[in-house]
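# sequence first, predicted model second:
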Amino acid sequence: MAKDQTSLTSSSSRRNFLNWFLGTTAGAFAISVLYPLSRYLIPPRVEESSSRTVTLSIKAQDMKVNSGQIFRFGSQAAILIDTPAGELKAFSATCTHLGCIVQYRSDLSQIWCACHNGHFDLNGKNVEGPPPKPLEEYAVNVKAEQIVVSKKG
Amino acid sequence: MLATGVRFVKAQPQGETCAVCHSALGVDNLTKPVEMYKADIHAAKGFGCVACHGGDGTKMGWEAMDKAKGYIGKPTPAQVIDVCGHCHSNAAFMRQYNPSLRVDQVTEYYTSVHGRRLREQNDNKVATCASCHKPHSIRPPSDARSSVYPSHVADTCASCHANAEYMAPYKIPTDQLTKYKKSVHWKIMTVKGDLSAPTCNDCHGNHGAAPPGVSWVGNVCGQCHPVNAELFSKSRHGQLFVQMGIPGCATCHSNHEIVETSDAMLGASDKAICVTCHTPQDPGGKTAVAMRQSIDNLRTSYENANVVLTTAEHAGMEVSQPLFELNGAKTALVKARASVHGFNLDGVKAEVKPGLEISEKARARGVRALDEVQFRRKGLAVSALIILAFVVGLVLKIRQMEKKP
């Protein structure tokens, strides 16, 4: 009699453990499915593209000395410049005054903003007009004629 | 020997006797200059007391303060100009210390209101070199501790100009500092830390300080705002304002209290500046309303496109290309706002049109991206329901099978 009781208690304990085990794993499974689903339906706020490097479609050999080319860096505009000295440089093309897109002026060898006549030198430094800060400079690397522009730091 | 009796000064070796007595006298107005002068740029360059006060630094006591040796004690306002100018107006001399420093300060000073009053009316209350460059603790303008460091200039000028009692005889306002500190220029300088933002001397001149004349106030503002100034000078308003003798920029933007501009300044609403002279019914008022409408259209279109694209981006869609292109609409909006200074509706519309095209195109791409998001979400919901139904069915089937003997 005592032996049967011991056997029943042992069986009940094993069933409880199995139920608990199955319940926990089923719960974990449900969370692992529902969490990504909820993150998809209610996505986190992302301020801007986190891209830090871009490979340009233009080849280094196609750039003319003393010229500039606007390109897309994430969702922002950037400018690649082949300086009169033949050096490739890249900067953010967003003017630090009110956010207009700047352009390269080969007659001045300067970066120029048409909106309020702001001027930047070939180091991106604001040298004339209302822009309060220099343009952010990017690193330019050329690998087998491919131009790769990266954010510094 | 100068007209005011100031002896020619030259760099003196350190170790003058002046400090020996002046430090030991225990009288504040005599000992403090000695202590303060240790941090003065002139001390760092090897100049001693005699360079400005004259006398003989090798002698002690009254013998050192011999008027026959050029001792002048505390310089009078006119003497201050001569003492400072004696070195600072000498290009050959100054080249030894700072070759790029200008040497026309004295010439400029005598064109200023301060200088003219000193010379023509012998007014000793006016500012001289020592009023702005604090004597015995002069530092270069690039030194953040200097009284003429850009962010300190306004307070330095205001030490006289905001003093109602001191300025009473001149019958000019004393609220310039209060107004300036409400301006966008002060905000940019102090909040954003942009030291290139204008302060008193950028519009009035420093050594040649005077109010900007009515006919050239636009030139002054145009130093930093050349596009707006050029558009204005060529506009109907520019020519009319000159004829009427009213200042260009300051009439709409004020002078010291230049607040941040907004689209509300344009048009015929209560907040608009245009209604100061125009009614909504006159041709000028109608043009103002039309220009405002045109800019509002572009602003609304740009903002809508930006919201749609940003929402799509947050939902995980790839919209970097239209967002990049939308920068062109922002540029057009900024240019359209600047073009208002030409007071020509066609000029504003010419800037607005390409901006509208860009933002409408970008918005359409954003809407398509959001539609795609909705389509994918609905697809996901349908798939999830089918999977759920399948799981439920599976569970029911297993139970049914377990119940069978």
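Great, that's in hand.

# CA atoms for contacts and neighbours, from now on please.
Noted.

# could you measure from B:Lys378 over to A:Leu41?
10 Å (CA to CA, to the nearest Å).

# no wait, B:Val319
For B:Val319, the distance to A:Leu41 (CA to CA) stands at 18 Å.

# now A:Ile81
A:Ile81 is 42 Å from A:Leu41, by CA to CA.

# ditto for A:Val142
41 Å.

# got a list of what B:Arg365 touches?
Going by CA atoms under 8 Å, 6 or more residues apart in numbering or on different chains, B:Arg365 touches B:Leu309, B:Val319, B:Pro322.

# element containing it, please.
Per DSSP states H and E: B:Arg365 is located in helix B:345-403.

# related to what we said a few turns ago, closest one of the contacts of B:Arg365 to B:Gly205?
B:Pro322 (46.7 Å; CA to CA).

# contacting residues for that closest one?
The contact partners of B:Pro322, by CA under 8 Å, 6+ apart, come to A:Ser75, B:Leu309, B:Ala362, B:Arg365, B:Gly366.

# 7 Å instead, please
Residues in contact with B:Pro322, defined by CA atoms under 7 Å, 6 or more residues apart in numbering or on different chains, are B:Ala362, B:Arg365.

# need the pLDDT of it.
Note for B:Pro322: predicted pLDDT of 95.

# so it sits in a helix?
Yes: counting by DSSP: H, G, I helix; E, B strand; the rest coil, B:Pro322 is part of a helix.

# correct me, but B:Gln321 touches A:Ser75?
Yes: using CA atoms under 7 Å, B:Gln321 makes contact with A:Ser75 at a distance of 6.1 Å.

# name the residue in the two with the higher neighbour count.
Shown here are B:Gln321 and A:Ser75; by other CA atoms under 10 Å in any protein chain shown, A:Ser75 has more neighbours (20 against 15).

# phi, psi for the more buried one please.
Per-residue torsions, A:Ser75: phi -100, psi 10 (degrees, to the nearest 10).

# was I right about it contacting B:Ser320?
Yes: under the criterion of CA under 7 Å, A:Ser75 is in contact with B:Ser320, at a separation of 4.2 Å.

# circling back: same drill for A:Ile81 and A:Leu41, tell me which one is more crowded.
A:Ile81 (27 against 14).

# skip the chain neighbours and tell me the closest residue to the more buried one.
A:Gly68 (4.3 Å; CA to CA, 6 or more residues apart in numbering or on different chains).

# is the one you found in a helix, a strand, or coil?
Relying on three-state DSSP, one would call A:Gly68 strand.

# after the helix or strand of chain B with the lowest mean pLDDT, next one along is what?
Lowest on mean pLDDT, DSSP states H and E among the helices and strands of chain B sits helix B:217-221, with a mean of 83. Per DSSP H and E, the first helix or strand lying C-terminal to helix B:217-221 is helix B:226-234.

# heading C-terminal from that following helix, find the next helix or strand.
helix B:236-244.

# what is the neighbour count of B:Val391?
B:Val391: 12 neighbours (other CA under 10 Å).

# now it: how far from A:Tyr35?
For B:Val391, the distance to A:Tyr35 equals 19 Å [CA to CA].

# and the nearest residue in space to A:Ala139 that is not next to it in sequence, helix, strand or coil?
Closest residue in space to A:Ala139, ignoring its immediate chain neighbours: A:Ser150 at 5.1 Å, by CA to CA, 6+ apart. Recorded secondary structure, A:Ser150: strand (three-state DSSP).

# per-residue pLDDT, A:Ser150?
Reported pLDDT for A:Ser150: 94.

# what pLDDT does residue 52 get?
Went with chain A since none was named. 85.

# was after chain B, sorry
In this model, B:Cys52 is scored at 94, pLDDT.

# ok, it - contacts?
If you count contacts by CA under 7 Å, 6+ apart, then B:Cys52 has B:Val83 around it.

# just say helix, strand or coil for it.
helix.

# against chain A, how distant is it?
37 Å (CA to the nearest CA, to the nearest Å).

# for that residue, give its distance to B:Thr300.
64 Å.

# check B:Asn327 too.
Taking CA to CA, one finds B:Asn327 at 15 Å from B:Thr300.

# these two - which one has more neighbours?
For B:Asn327 versus B:Thr300, the count of surrounding residues by other CA under 10 Å is larger for B:Asn327: 23 against 13.

# is it true that the more buried one lies in a helix?
Yes: read with three-state DSSP, B:Asn327 is one of the residues of a helix.

# could you break chain B into its assigned domains?
Domain ranges of chain B: B:1-138, B:283-403, per automatic domain parsing.

# ditto for chain A
A:1-44, A:53-151.

# how far away is A:Leu34 from chain B?
10 Å.

# name the element that residue belongs to?
Going by DSSP H and E, A:Leu34 is part of helix A:2-41.

# now that helix: average pLDDT?
75.

# repeat that for stretch B:180-194.
In the prediction, stretch B:180-194 has an average pLDDT of 93.

# got the buried residues for that stretch?
B:Tyr180, B:Lys181, B:Ser183, B:Val184, B:His185, B:Trp186, B:Lys187, B:Ile188, B:Met189, B:Asp194 (16 or more other CA atoms under 10 Å in any protein chain shown).

# how about stretch B:138-148?
Applying 16+ other CA under 10 Å to stretch B:138-148 flags B:Ile138, B:Arg139, B:Ser146, B:Ser147, B:Val148 as buried.

# how about the contacts made by B:Asn90?
Contacts for B:Asn90 (CA under 7 Å, 6+ apart) come out as B:Val103.

# phi first, then psi, for it.
phi -100, psi 100.

# next one: it from B:Asp82, what distance?
12 Å.

# any shared contact partners between the two?
Joint contacts of B:Asn90 and B:Asp82 (CA under 7 Å, 6+ apart) do not exist.

# how many neighbours does the residue nearest to A:Ala139 have?
Residues near A:Ser150, counting by other CA under 10 Å, number 18.

# beta partners for it?
Assessed by DSSP bridges, A:Ser150 has beta-bridge partners A:Thr53, A:Ala139.
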